[in-house]
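Novice: Pasted the sequence and its predicted model underneath.
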2 protein chains.
Amino acid sequence: MFRIVIVEDDDYLREELVHTFQKAGYDAAAPVSFESVEAEIAALRPDLVVLDVNLPGKSGYELCKSMRPRSSFPILILTARDTLADELTALGLGADDFLTKPCHPDRLLARSERLLQTWKCLRCVLTVGELSLDTDTYKLIYKDRMRLLTETEGKILELLMKNSPDVVGKDALCPAVWGTAEFVDENILQVNMSRLRKSLAEVGLGDAIQNIRGKGYVLEVDRL
Amino acid sequence: MFRIVIVEDDDYLREELVHTFQKAGYDAAAPVSFESVEAEIAALRPDLVVLDVNLPGKSGYELCKSMRPRSSFPILILTARDTLADELTALGLGADDFLTKPCHPDRLLARSERLLQTWKCLRCVLTVGELSLDTDTYKLIYKDRMRLLTETEGKILELLMKNSPDVVGKDALCPAVWGTAEFVDENILQVNMSRLRKSLAEVGLGDAIQNIRGKGYVLEVDRL
DNA sequence: ATGCCACTTACAATCATTGTAAGGTTTCTC
DNA sequence: GAGAAACCTTACAATGATTGTAAGTGGCAT
């Protein structure tokens, strides 16, 4: 069953939305506090997020902007603002659909269902800028080029992408790739890093992986 | 560069749309005859199809319905009909977005770009009912279960899906899987068919592959 | 009943992937 | 600028998954 997370501060409307989705057979949930919404949303592991724009604290736009790059679920923006400029802003920030209030429940449900179906195959895809990685198969796509990574290369890139644009230390990489935090040869990481870099180069990502001497590695891809 | 195919019978509007997309840097094309649109569209290998509803011959809805199951590109319906019922019909037939005329070019462009970005990773995904297959990695998803096929299994399933629900003869399967139409042992096909069936069973597709004695094999999955 | 077609299992060859080892290059420090 | 530390790269051998071969079983049709 699909889980839908609704982010809406108006109590009445929120309950109505939750109810609409539940009646349609979805697993709907909604954070009620807006202290650290982003963490709450992530914790709920949504298949779809329905997002209001006018929220206490961070606006829906800001939320969308910050969640989008690392999220692997679609975001539907539902707002009372109905200008073209608002729609363009929302889509520009990576929103997957934009509906204005008041919105007929059937329209909302139909649009949501469409997004869920489309994204079923994308739940396991990480995206950073124009780079995307399927975390099941380690198929990587950059711009228009595609390449299949081997498992180890994939695991490394996955971690780098999840943390981009932050540095990832070897102490974090090794356990994540080889399971045990047990002593892992320094070298084996370097070898695989070398292989990964070669793979990235083949799709046109020349030196996306940088080494920070003594600290670890960073993935740097131009954001859109 | 993305190729966008516009299906619209009004000459003036069609040219305007083509121009809009071209100015925005896309490769836009539009069939002018509506005799066998479907074949023409497929031949253009679109990354996105913008579809009018009122067309001579088959309606946009019919086109959408018949293209959708095998298409691996998004469909945006653009129509003068603006009722909720129209939108629900379109979405129900598998359309990926629904816009009403007149439509501001910026809105159309923003919506199109969003679809293109989302579908970049889906261009290689075949879908039959609730079964989908990534033709690069042979990752298969049925309902909520996922499994990675081996290359040979994947090639066979790919062909069966492309032809579903028609029968595929061994004379068609063997060359497609092993390249040469050269004599290929009957047995090797059976062995791999057996392996594929086992894989499908593991995701809950018990006996989706049927043998038609003396003819070949069919894939039968319940359509949505 | 017999022959054909289809299915399955076990095995061995092949190929991709992985870690090991060793030598080279860059960067920082004194 | 010499030396050490950190990082990079290449070649090779072991491992493991995938593939085709072979052989035997089961079912359908005339």
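Specialist: That came through, no problem.
Novice: Wait, A:Arg107 touches B:Glu87, no?
Specialist: Yes: applying Cβ atoms under 8 Å, one finds A:Arg107 in contact with B:Glu87, separated by 6.3 Å. The way it works is simple: take the backbone N, C-alpha and C, and place the C-beta from them, glycine included.
Novice: and the two? which has more neighbours close in?
Specialist: Ranked by neighbour count (other Cβ atoms under 10 Å in any protein chain shown), A:Arg107 and B:Glu87 place B:Glu87 first, with 23 against 15.
Novice: residues in contact with that one?
Specialist: Neighbour list for B:Glu87: A:107, A:110, B:98 [criterion: Cβ atoms under 8 Å, 6 or more residues apart in numbering or on different chains].
Novice: Closest one of those residues to DNA strand C?
Specialist: The nearest member of the contacts of B:Glu87 to DNA strand C, counting by Cβ to the nearest atom of the strand, is A:Ala110 at 40.5 Å.
Novice: In terms of pLDDT, where does that closest one sit?
Specialist: On the pLDDT scale, A:Ala110 is placed at 98.
Novice: now whichever strand or helix holds it, how far from the centre of its chain.
Specialist: Per DSSP states H and E, A:Ala110 falls inside helix A:105-119. Distance of helix A:105-119 from the chain centroid (Cα atoms, centre = their mean, to the nearest Å) equals 19 Å.
Novice: cool, stretch A:44-60 as well?
Specialist: With Cα atoms, centre = their mean, you get 14 Å for stretch A:44-60.
Novice: for stretch A:1-18, same thing?
Specialist: 20 Å.
Novice: for the record, mean pLDDT for that stretch?
Specialist: Mean pLDDT, stretch A:1-18: 95.
Novice: For that stretch, buried residues please.
Specialist: Residues A:2-9, A:14, A:17-18 are the ones in stretch A:1-18 that count as buried (16 or more other Cβ atoms under 10 Å in any protein chain shown).
Novice: now stretch A:164-177
Specialist: Residues A:164, A:167-168, A:170, A:173-174, A:177 are the ones in stretch A:164-177 that count as buried (16+ other Cβ under 10 Å).
Novice: same check, this time on stretch A:26-34
Specialist: For stretch A:26-34, using 16+ other Cβ under 10 Å, the buried residues are A:26, A:28-31.
Novice: ditto for stretch A:84-99
Specialist: A:86-91, A:93-99.
Novice: so after the helix or strand of chain A with the lowest mean pLDDT, what's the next helix or strand?
Specialist: None of the helices or strands of chain A scores lower by mean pLDDT, DSSP states H and E than helix A:170-178, at a mean of 86. Remark: after helix A:170-178, the chain's next helix or strand is helix A:186-202, criterion DSSP H and E.
Novice: how much does that next one deviate in direction from helix A:170-178?
Specialist: 80 degrees (axes from the mean of the first three to the mean of the last three Cα atoms, to 10 degrees).
Novice: Tell me which of the buried residues of stretch A:84-99 fall in strands.
Specialist: A:97-99 (DSSP state E).
Novice: Please dump these into a markdown table; it should also carry pLDDT and distance to B:Ala43 for every row.
Specialist: Formatted as a markdown table, these follow (pLDDT from 0 to 100; distance: Cβ to Cβ, whole Å):
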| residue | pLDDT | distance to B:Ala43 |
| --- | --- | --- |
| A:Asp97 | 98 | 30 |
| A:Phe98 | 98 | 33 |
| A:Leu99 | 97 | 35 |
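Novice: restrict these to those near chain B?
Specialist: A:Asp97 (Cβ under 8 Å from any Cβ of the partner chain).
Novice: Report the entries of the ones in strands among the buried residues of stretch A:84-99 that also contact DNA strand C.
Specialist: Checked against DNA strand C using Cβ under 7 Å from any atom of the strand, those yield no neighbours at all.
Novice: of the ones in strands among the buried residues of stretch A:84-99, closest to DNA strand D?
Specialist: Among those, and counting by Cβ to the nearest atom of the strand, the member closest to DNA strand D is A:Asp97, at 37.4 Å.
Novice: Give me the spatial nearest neighbour of that closest one, chain neighbours excluded.
Specialist: Nearest residue to A:Asp97, sequence neighbours excluded (Cβ to Cβ, 6 or more residues apart in numbering or on different chains): A:Leu76, at 4.6 Å.
Novice: A:Leu48 now?
Specialist: In space, A:Leu48 is closest to A:Ile4, 4.9 Å off (Cβ to Cβ, 6+ apart).
Novice: which of the residues in stretch A:185-200 are buried?
Specialist: Those would be A:189, A:192-193, A:196-197, A:199-200, for stretch A:185-200 by 16+ other Cβ under 10 Å.
Novice: Show residues contacting it.
Specialist: So stretch A:185-200 is contacted by A:140, A:142, A:147, A:149-150, A:152-153, A:156-157, A:170, A:173-174, A:177, A:206-209, A:217 (Cβ under 8 Å, 6+ apart).
Novice: which bits of chain A sit near chain B?
Specialist: Checking chain A against chain B by Cβ under 8 Å from any Cβ, the hits are A:84, A:87-88, A:91-92, A:95-97, A:104, A:106-107, A:110-111, A:113-114, A:118-122, A:125, A:132, A:134, A:136-137, A:139, A:141, A:146, A:148.
Novice: try 7 Å this time
Specialist: A:84, A:87-88, A:91-92, A:96, A:104, A:106-107, A:110-111, A:114, A:118, A:120-122, A:125, A:132, A:134, A:136-137, A:139, A:141, A:146, A:148 (Cβ under 7 Å from any Cβ of the partner chain).
Novice: Tell me the buried residues within these.
Specialist: The buried subset of these - by 16+ other Cβ under 10 Å - is A:87-88, A:91, A:96, A:110-111, A:114, A:118, A:120-122, A:125, A:132, A:134, A:136-137, A:139, A:141, A:146.
Novice: any weak-confidence spans in chain A?
Specialist: A:180-184, A:224 (pLDDT under 70).
Novice: Distance check, the spatially most central residue of it against B:Lys198.
Specialist: In chain A, the residue lying closest to the centroid (Cα atoms, centre = their mean) is A:Ser71, at 1.2 Å. Using Cβ to Cβ, to the nearest Å, one gets 35 Å for the distance from A:Ser71 to B:Lys198.
Novice: Could you list the domains of chain A?
Specialist: A:3-122, A:126-219 (automatic domain parsing).
Novice: measure the shortest one end to end?
Specialist: This means domain A:126-219. 13 Å (Cα to Cα, to the nearest Å).
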